[in-house]
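Colleague: Here is a sequence together with a model predicted from it:
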Amino acid sequence: MTRHTNESPIRAARRRAKLSQAEAAARCGWSQPQWSALENGRYASPRIASYRKAAEALGCDVAELLAG
């Protein structure tokens, strides 16, 4: 699956994993709104630990989520 032009790397990875935001969030122990905020860049400076959790939930490397 290719990444859409304005799609965040986190959203692209989640779509490749075939997970909803709620499913991905649950794997991290987060709420769906928390996941959405990370995916849509609404956190001013997210911690690397958040990206690590997200990468683990999606089965990808942290670097993939930071690309773009």
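Modeller: Nice, I can see it.

Colleague: Which elements pack onto the helix or strand hosting residue 13?
Modeller: Using DSSP states H and E, residue 13 maps to helix 9-16. On a contact count with 3 or more Cβ pairs under 8 Å, 6 or more residues apart in numbering; DSSP states H and E, helix 9-16 meets helix 32-39, helix 48-58, helix 62-66. Heads up, the C-betas are built off the backbone N, CA and C, glycines and all.

Colleague: What sits closest to the most centrally placed residue in the chain if chain neighbours are left out?
Modeller: In the chain, the centroid-proximal residue (Cα atoms, centre = their mean) is residue 10; its distance is 3.5 Å. Nearest non-adjacent residue to residue 10, counting by Cβ to Cβ, 6 or more residues apart in numbering: residue 39, 4.6 Å away.

Colleague: Pretty sure residue 59 sits against residue 19.
Modeller: No. Checked against Cβ atoms under 8 Å, the pair residue 59 and residue 19 is beyond contact range at 9.6 Å.

Colleague: Please work out how many residues are found near the residue nearest to residue 52 when sequence neighbours are not counted.
Modeller: The spatially closest residue to residue 52, leaving aside those adjacent along the chain, is residue 62, at 5.7 Å (Cβ to Cβ, 6+ apart). Using other Cβ atoms under 10 Å, residue 62 has 14 other residues around it.

Colleague: same deal with residue 19?
Modeller: Residue 19 has 18 nearby residues by other Cβ under 10 Å.

Colleague: gap between the residue nearest to the centre of the chain and residue 53?
Modeller: 11 Å (Cβ to Cβ, to the nearest Å).

Colleague: now residue 28
Modeller: Distance, residue 28 to residue 53, by Cβ to Cβ: 5 Å.

Colleague: How about residue 6?
Modeller: Taken as Cβ to Cβ, the span from residue 6 to residue 53 is 24 Å.

Colleague: Pick out whichever of the two has more residues nearby.
Modeller: Each of residue 6 and residue 53 has its neighbours counted (other Cβ under 10 Å); residue 53 has more, 18 against 6.

Colleague: Could you tell me what pLDDT the model assigned to the more buried one?
Modeller: Among the per-residue scores, residue 53 holds a pLDDT of 96.

Colleague: This completes my enquiry, with thanks.
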